[in-house]
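Engineer: After the sequence you'll find the predicted model.
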Amino acid sequence: MLSTGLGPLGSTFNRRRSATTNNNDPPSESTNGSSPTGMVHISDKSRSKSLLRERDSKIAALEKEVLSLRNQISNHNSEPAITYGSGNRRGKHLTPYGNTVRVSVSKCSAKRRQLLAERARMGRNASIATQNALNALPDEIGGGGGGIGGGGFSSQQALIDRIQDMFRSPHEHVHYLKSEQFAKDMLKLNKKVRAVLEDEPRCVFLQSPAYVFGDIHGNLEDLHFFSDNVWNLGMSLTAGNFVFLGDYVDRGMSCLEVVSYLLAMKLMLPQKVFLLRGNHETRDVNGWEEHYGARSYIAQCRERFGEEIGYKIWESTNQTFDRLPLAAVVDQDIFCVHGGIPRPISDSSVEGGRIKDILNVSKVAGINPPYEHEDDNYQQVASDCIWSDPASEEQEQYSVDRRTGYGDSLRGGGAICFGHKAVTNFLQQQGFSYIMRAHEAHAEGVAVSKGARVFTVFSTSKDHNQGNNAMAGCILIDFEKMQVINRSPAYRNQYVHRRDSVSIAMLSEAEIAERVKLGLITSDPRDEEFEEEEFEEFEEEDDEELQDSSFEDEEYVIDDRRKSSVDPCGTRASPEKGSHDSHDYMMEGNDVSQRIDFSDGTGRKSKKRGGFDTIREDEEDDEESTVGDDDMGPFDDDENHYYGGASTGMSPGMRRVGI
């Protein structure tokens, strides 16, 4: 008898073998005269293997049952007891647990792989650990060879990492911000983001939660405030989407830093970060060096990188701006745009309405100035999206067409304003509830108008004559709730300082001068001469991304014979009697400073445009209306009297409030 040493299982096996042997005694002689001993041995081996497999499966089942019992005991011991007494009842605490399944090796001699279920307490670092695990994956997922899964992805991630490191601590990256590497990164970044934007519609659709930001205007300090308080763990680990309503450049001294960071976030998170276009994302505005002086985007590009390379970066960025979407819709209920709602160019009863008009705008649109391929009607739609304003109370009474709800804006230059009737018609036709826009400064960061149906968001607290107590704001759209988040004037950052701050007492005068030019020191230093860094020509043959020395879109040509729907030279910086008119800036010269009055529209047509002069100026004293020649009577529609007057700013106490 075979001894297996398996206890009851071994006895069962021996009994079955004995019974089999007794019941199947072979005859003394086979038909072919050979011995049947070999056949018996083969049958015994087959049955032995079958029984061994049966035994192993039973052992595995028992091990699984033991593990299940241990988990049940552990769960029972970890649950806090519920005590009752004298009316005081303490409920059971809710502790988050996560169930995981992992592959393990059995402890038996077979060493088989098996699945084990574990239950462990979850911590707040779970998402961070997941992100670290994803970051640890090799770059060459697709087996190398370039593209997304190869070296191209690694190069793109390195570019994004450099921009993010600069944004986190710009005072530690002063050399990088003035280096040839940063110039190359800007050109590469624009080229990559253009490909992403070309796949987006002119009106993007997204779901809440979503953070909506207004004008930034090169204000790195306020952008860093939102980074510290809204996406402190990074945009990738923050729930929700991010919608920026345009005007990223001009007025502030950190335009290059702001643009590079936002474009890097768009490249890294194309389905989470949405950049809309504002009126400053056009060549006629961000190239207006004579008006904005050192605060214009083109001036900062040239000052930072020299005449030739600076112009290439400026033009490359504007080619990216040409592809930005014009509007966004959140939850099919909230219309987001930089300026305002466009005038209809087709039958409003047609399905889609104004949203369809926006979607039909050319994928690549210059607007100011337009390209040759741009249709005049859709060029008007694009201009209305980035230039229009809500009508003031006085405009509602005297200048807004009571039939259409539109009128000429006080900005001039062909821009329009929209009144109560235009807002009502648009929201009803599209089935929306609210409009969120930017384009106007407010000291409280957020303002409401048109019966609390139009929200104006402004996300920079500087450079708009709003005083030292001005706040930068944004709005969180969280399903059926909206929450205003404002920067308090008491907030202090860690890297933008005043000229008299003790934090920069240890810096040399040359270092202070460099930081002033980068916007890291807010007041002008004493007049000193310091050596500017000169850039040599890029050795583009060593960089595949820069081999093509052409920075012009060959498929798209600016039409210098056409006039834009809105002429920036004829506009004011803000509507007269508005919240941020009469901006005065100092344009620095060699010996004297020239003061530019932003409230005066005279003299603007004398600006130099260099290689991008495309709009033919008509020598006319009177500006032509873009709304129509019909008489515009007072706005006296009874159904709109309910909504009241013009824009009303929120009180300073509403710094963080749900609406």
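Structural biologist: Done, it's in. Numbering: from 1, shown residues only.

Engineer: Name the helix or strand of this structure that has the lowest mean pLDDT.
Structural biologist: Comparing helices and strands within the chain by mean pLDDT, DSSP states H and E singles out strand 593-597 as the least confident, with a mean of 32.

Engineer: Check which helices and strands the lengthiest helix in the chain sits against.
Structural biologist: Using DSSP state H to define each element, the chain has its longest helix at helix 37-78. Helices and strands in packing contact with helix 37-78 are listed as helix 8-23, strand 113-121; criterion 3 or more CB pairs under 8 Å, 6 or more residues apart in numbering; DSSP states H and E. In short, each C-beta sits where N, CA and C put it, glycine included.

Engineer: which stretch in the ones you listed is the model least sure about?
Structural biologist: When the helices and strands packed on helix 37-78 are compared by mean pLDDT, helix 8-23 comes last with a mean of 46.

Engineer: Can you pull the poorly scored residue ranges out of the stretch 451-600 of the chain?
Structural biologist: For the stretch 451-600 of the chain, applying pLDDT under 70 flags the ranges 463-467, 492-507, 512, 515-555, 560-562, 573-600.

Engineer: The chain too?
Structural biologist: Along the chain, segments meeting pLDDT under 70 span 1-42, 77-102, 118-152, 348-349, 463-467, 492-507, 512, 515-555, 560-562, 573-659.

Engineer: Tell me the buried residues in stretch 403-412?
Structural biologist: Counting neighbours by 16 or more other CB atoms under 10 Å, one finds that the buried residues in stretch 403-412 are 404-412.

Engineer: Report how far apart the opening and closing residues of it are.
Structural biologist: In stretch 403-412, first residue to last residue: 21 Å (CA to CA, to the nearest Å).

Engineer: What of stretch 279-296?
Structural biologist: Here stretch 279-296 reaches across 13 Å from its first residue to its last, counting by CA to CA.

Engineer: List the buried residues in that stretch.
Structural biologist: Of the residues in stretch 279-296, those buried by neighbour count under the rule 16+ other CB under 10 Å are 279-293, 295-296.

Engineer: Now flag whichever of the buried residues of stretch 403-412 is closest to Lys266.
Structural biologist: Checking those against Lys266 by CB to CB gives Arg411 as the nearest, at 29.0 Å.

Engineer: Leu206: neighbouring residues, count only.
Structural biologist: A count of neighbours around Leu206, defined by other CB atoms under 10 Å, yields 19.

Engineer: Skipping adjacent residues, who's closest to it in space?
Structural biologist: Asn241 (5.1 Å; CB to CB, 6 or more residues apart in numbering).

Engineer: can I assume that neighbour is in contact with Phe274?
Structural biologist: Yes. Using CB atoms under 8 Å, Asn241 is in contact with Phe274, at 6.6 Å.

Engineer: got any residues that touch both of the two?
Structural biologist: Listed as contacting both Asn241 and Phe274 by CB atoms under 8 Å, 6 or more residues apart in numbering are Leu206.

Engineer: Val196: what's its closest spatial neighbour, skipping adjacent residues?
Structural biologist: Counting by CB to CB, 6+ apart, Val196 lies nearest to Pro270, which is 5.0 Å off, once chain neighbours are set aside.

Engineer: so the one you found is in which element?
Structural biologist: Of the helices and strands defined by DSSP states H and E, none includes Pro270.

Engineer: Glu180 versus that one, what's the distance?
Structural biologist: When distances are taken as CB to CB, to the nearest Å, Pro270 and Glu180 turn out to be 28 Å apart.

Engineer: go on, Glu374?
Structural biologist: With CB to CB as the criterion, Glu374 and Glu180 are 35 Å apart.

Engineer: Quick check on those two: which one has the bigger neighbour count.
Structural biologist: Neighbours were counted for Glu374 and for Glu180 using other CB under 10 Å; Glu374 has more, 22 against 14.

Engineer: could you say which helix or strand contains the more buried one?
Structural biologist: Under the criterion of DSSP H and E, Glu374 resides outside all helices and strands.

Engineer: Is it correct that it is in contact with Asn360?
Structural biologist: No. Applying CB under 8 Å, one finds Glu374 not in contact with Asn360, separated by 11.4 Å.

Engineer: Quickly list what's touching both of the two.
Structural biologist: Common neighbours of Glu374 and Asn360, counting by CB under 8 Å, 6+ apart, are absent.

Engineer: quick one: secondary structure of the residue nearest to Phe455 when sequence neighbours are not counted?
Structural biologist: Closest residue in space to Phe455, ignoring its immediate chain neighbours: Met436 at 4.7 Å, by CB to CB, 6+ apart. For Met436, the secondary-structure state derived from DSSP: H, G, I helix; E, B strand; the rest coil is strand.

Engineer: can you give me phi and psi for the residue nearest to Leu206?
Structural biologist: The phi/psi pair for Asn241 (degrees, to the nearest 10) reads phi -100, psi 170.

Engineer: Phi and psi next, for Gly252.
Structural biologist: Here the main-chain torsion angles of Gly252 (degrees, to the nearest 10) amount to phi -90, psi 170.

Engineer: Kindly tell me how buried the residue nearest to it when sequence neighbours are not counted is, as a neighbour count.
Structural biologist: Across the structure, with CB to CB, 6+ apart as the measure, the residue nearest Gly252 apart from its sequence neighbours is Gly218 (2.6 Å). When neighbours are counted by other CB under 10 Å, Gly218 registers 28.

Engineer: what do you get for Asn377?
Structural biologist: As a burial measure, the neighbour count of Asn377 was computed by other CB under 10 Å and equals 14.

Engineer: Surely it is in contact with Pro342?
Structural biologist: No. In this structure Asn377 lies outside contact range of Pro342 using CB under 8 Å: 10.3 Å.

Engineer: Which stretches in the stretch 401-550 of the chain count as helices?
Structural biologist: With helices called from DSSP state H, counting those that start in this stretch, the stretch 401-550 of the chain shows them at 420-430, 509-517.

Engineer: cool, the stretch 201-350 of the chain as well?
Structural biologist: Using DSSP H, counting those that start in this stretch, the helices of the stretch 201-350 of the chain run over 220-229, 255-268, 283-286, 289-292, 297-305, 307-321.

Engineer: May I see the buried residues of the second one?
Structural biologist: Along helix 255-268, these residues count as buried under the neighbour rule (16+ other CB under 10 Å): 255-268.

Engineer: how about those in JSON lines, adding distance to Lys184?
Structural biologist: Rendered in JSON lines, the data for the buried residues of helix 255-268 read as follows (distance: CB to CB, whole Å):
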{"residue": "Cys255", "distance to Lys184": "18"}
{"residue": "Leu256", "distance to Lys184": "13"}
{"residue": "Glu257", "distance to Lys184": "16"}
{"residue": "Val258", "distance to Lys184": "19"}
{"residue": "Val259", "distance to Lys184": "15"}
{"residue": "Ser260", "distance to Lys184": "12"}
{"residue": "Tyr261", "distance to Lys184": "17"}
{"residue": "Leu262", "distance to Lys184": "19"}
{"residue": "Leu263", "distance to Lys184": "14"}
{"residue": "Ala264", "distance to Lys184": "14"}
{"residue": "Met265", "distance to Lys184": "19"}
{"residue": "Lys266", "distance to Lys184": "19"}
{"residue": "Leu267", "distance to Lys184": "15"}
{"residue": "Met268", "distance to Lys184": "18"}
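
Engineer: coming back round to it: would you reformat the helices of the stretch 201-350 of the chain as CSV and include distance to Ala443?
Structural biologist: Converted to CSV, these look like this (distance: least, CB to CB, whole Å):
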stretch, distance to Ala443
helix 220-229, 13
helix 255-268, 21
helix 283-286, 24
helix 289-292, 22
helix 297-305, 25
helix 307-321, 28
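
Engineer: Who is the residue nearest to Leu206 paired with across the strands?
Structural biologist: Ala210 (DSSP bridges).

Engineer: who's in contact with it?
Structural biologist: Applying CB under 8 Å, 6+ apart, the residues near Asn241 are 206-211, 272-274.

Engineer: Check His338 too.
Structural biologist: His338 sits next to 245-247, 276-279, 326, 385-386, 437-439 when contact means CB under 8 Å, 6+ apart.

Engineer: Give the PyMOL command for selecting the buried subset of those residues.
Structural biologist: If you want just the buried ones from the contacts of His338 in PyMOL, going by 16+ other CB under 10 Å, the selection is:
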select buried, resi 245+246+247+276+277+278+279+326+385+386+437+438+439
